[in-house]
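Participant: No letters, just coordinates:
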């Protein structure tokens, strides 16, 4: 359960980080007094075509960022619902469970065997045999 909680928290933080980086907010409070005046902000000159294109482009980017934020929020709710549905009442215990620890050690041994199969296959064979023995022990303890 700790692994699932850790995985979900990691997922939440990674998606939150991407949503924070999605937009580029403008901070107007860092301007030194007197550099930006009301006359500059509300000048009476007409906008040029380049200014209008830049304004439209900025509006499109803001709309894209907002849509991206909404999509991220929808994904997060779907992921949270999936985790709650599938892992909320898990039938398997962790490594602390006296019976299910054999299954987890078998899975770990199989993973190590796969890694060693690329490096040196005789060691991989030992881990495969250990994994099979642990699976048999788990089946006997769980259902026997």
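Facilitator: Structure received. Because the structure is a prediction, the values reported are computed rather than measured.
Participant: Show me what the top helix by length along the chain packs onto, helices and strands only.
Facilitator: Counting by DSSP state H, the longest helix found in the chain is helix 49-87. Judged by 3 or more C-beta pairs under 8 Å, 6 or more residues apart in numbering; DSSP states H and E, helix 49-87 is in contact with helix 2-20. Glycine gets a C-beta too; all of them are placed from N, C-alpha and C.
Participant: Just the element for residue 97, please.
Facilitator: According to DSSP states H and E, residue 97 maps onto no helix or strand at all.
Participant: now residue 142
Facilitator: Counting by DSSP H and E, residue 142 is found in helix 121-143.
Participant: which other residues reach that helix?
Facilitator: 99-100, 102-103, 105-107, 109-110, 112-114, 116-117 (C-beta atoms under 8 Å, 6 or more residues apart in numbering).
Participant: The same query, at a cut-off of 7 Å, please.
Facilitator: The contact list for helix 121-143 (C-beta atoms under 7 Å, 6 or more residues apart in numbering) reads 99, 102-103, 105-106, 109-110, 112-113, 116-117.
Participant: List the residues that contact residue 85.
Facilitator: Taking C-beta under 7 Å, 6+ apart, one finds nothing in contact with residue 85.
Participant: re the thing from before, any idea of the mean pLDDT for the longest helix of the chain?
Facilitator: For helix 49-87, mean pLDDT is 89.
Participant: which helices and strands does the helix or strand following that helix pack with?
Facilitator: Using DSSP H and E, the helix or strand that follows helix 49-87 towards the C-terminus is helix 101-119. Here helix 101-119 touches helix 121-143, going by 3 or more C-beta pairs under 7 Å, 6 or more residues apart in numbering; DSSP states H and E.
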